[in-house]
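In: just a sequence and a predicted model for now, questions to come.
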Amino acid sequence: MYLVDVHCHIEMLENLEELIAESLANGIKKIISSSVDLTSMEQNIEISQKFSEIKCCLGLHPSNVLSMNSKEIFNAIELLKTNINYATAIGEIGIDFKHAKTDLEKQKQIKVYKEQLLIAEENSLPVVIHSRYAEKKSLEILFEFSGKVLLHWFDGSQNLFPKAAAKNYFFSVGPAVLFNQEYLQKALLIPLDNLMLETDSPVEFNGIKAKPFWVKKVAEKLAAEKNISFEELAEKTTKNAEEFFGI
Ligand SMILES: [Zn+2]
């Protein structure tokens, strides 16, 4: 029995040998690293070739899209297409209206989001979705997508959640469950059949950078709150992750 961190940014962390050893010691055997821009795609490809525990997702993060010009976006998408064989999924992609303020910025994010969904569809790859302050729009676009969907750090409203669950989307939950009671309650709504675990490392919680081995703490917390055994939660979330990503 072991765990999978289905969403982090391993290329933003240091001392990878140590990090992997620490993860393995805590029962985390597989780590899925998402990309955000061209450089991080290149880094993640290299890292996933070097370490068998790490699989990579290729994609452009909606926040990064905002600071890129059309030539940069084109080049990054070309790199993604050329290296599609390295990708276990397309991610992390989506829309984020916290950062996109104007209509022009929103349209820019939506265009690149749709373009990447199409690439996922053409290559039969699952997608890892980031959406913030844009869940309604994000889901509306996703409902046109025919592949497998993981909504990472899903913080959706109560009326959007059932729609996504009805589509059999997956939801990954991270260390926020340890620090935020409101988020924990939302996380507990997710059926075990649709649940995966993540850390979004190196996102900081209380000033401390998360690491993939924190998945163990997330699993322990959720198992206790759901009143099921740690083993049951670990087995199910790992099975979900392995089937979803084909790893
Ligand atoms: Zn992320």
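Out: Perfect, thanks for sending it. Not measured: the values here are computed from a predicted model.

In: so which residues of this structure form strands?
Out: Secondary structure of the chain, counting by DSSP state E: strands at 3-8, 28-33, 54-58, 87-96, 127-132, 149-152, 170-173, 195-197, 204-205, 208-209.

In: ok, and which of the ones you listed has the densest surroundings?
Out: Ranked by mean neighbour count, the strands of the chain are led by strand 3-8 with a mean of 30 (mean count of other CB atoms under 10 Å). Just so you know, the C-beta spots here come from the backbone N, C-alpha and C atoms, and that holds for glycine as well.

In: now that one: average pLDDT?
Out: Here strand 3-8 scores 98 as its mean pLDDT.

In: neighbouring strands of it in the sheet, and parallel or not?
Out: strand 28-33 (parallel) (DSSP bridges).

In: which stretches of this protein have low pLDDT?
Out: Along the chain, the parts satisfying pLDDT under 70 run over 156-158.

In: between the strands of the chain, which one is closest to T102.
Out: strand 87-96 (13.5 Å; CB to CB).

In: helices and strands around the closest one, which ones?
Out: For strand 87-96, the packing partners by 3 or more CB pairs under 8 Å, 6 or more residues apart in numbering; DSSP states H and E come out as strand 54-58, helix 62-66, helix 103-122, strand 127-132, helix 135-142, strand 149-152.

In: follow-up on the earlier one: can you redo the strands of the chain as CSV, where the extra columns are distance to N240?
Out: Converted to CSV, the strands of the chain look like this (distance: least, CB to CB, whole Å):
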stretch, distance to N240
strand 3-8, 9
strand 28-33, 12
strand 54-58, 15
strand 87-96, 13
strand 127-132, 13
strand 149-152, 9
strand 170-173, 6
strand 195-197, 5
strand 204-205, 24
strand 208-209, 26
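
In: so which of those gets nearest A241?
Out: Per CB to CB, nearest to A241 of the strands of the chain: strand 3-8, 4.1 Å.

In: returning to what we had before: N83: which of the helices and strands packed on strand 87-96 is closest?
Out: strand 54-58 (6.4 Å).

In: picking that back up, tabulate the helices and strands packed on strand 87-96 (CSV), appending distance to L192.
Out: Shown next, in CSV, are the helices and strands packed on strand 87-96 (distance: least, CB to CB, whole Å):
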stretch, distance to L192
strand 54-58, 23
helix 62-66, 29
helix 103-122, 25
strand 127-132, 20
helix 135-142, 22
strand 149-152, 15
